[in-house]
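> what shape does this take:
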Amino acid sequence: MEVLVFLVPLALLLGLLGLVGFLWSLEDGQYDDLEGAGWRAIADDEPVRQNPTP
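Numbering: from 1, shown residues only. Now for the predicted structure:
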């Protein structure tokens, strides 16, 4: 039971750190464009070249 004296504040501190990290990333604009990264992953970077006719 004495270990709870250390574990409960540690769990609260880690939860608070996670919340602060989430709020910081939210304020920093991490979640502004949720679909853009997915489309950039599958989009072609270079346009398709047409073969020139001689």
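> just say helix, strand or coil for Leu19.
At Leu19 the chain is in helix, as set by DSSP: H, G, I helix; E, B strand; the rest coil.
> how near is it to Arg40?
Separation of Leu19 from Arg40 (C-beta to C-beta, to the nearest Å): 29 Å. C-beta: built from backbone N, CA, C; applies to glycine.
> so which helix or strand takes in the most centrally placed residue in the chain?
Centre of the chain computed as the mean C-alpha position; nearest residue by C-alpha atoms, centre = their mean is Gln30, 6.2 Å away. Gln30 is part of no helix or strand when elements are defined by DSSP states H and E.
> quick one: neighbours of Val8, just the number.
By other C-beta atoms under 10 Å, 10 other residues sit near Val8.
> helix, strand, or coil at it?
helix.
> likewise for the one 4 residues further on?
Three-state call for Leu12 (three-state DSSP): helix.
> next one: it, what pLDDT does it get?
Leu12 is assigned 98 on the pLDDT scale.
> good, wrapping up.
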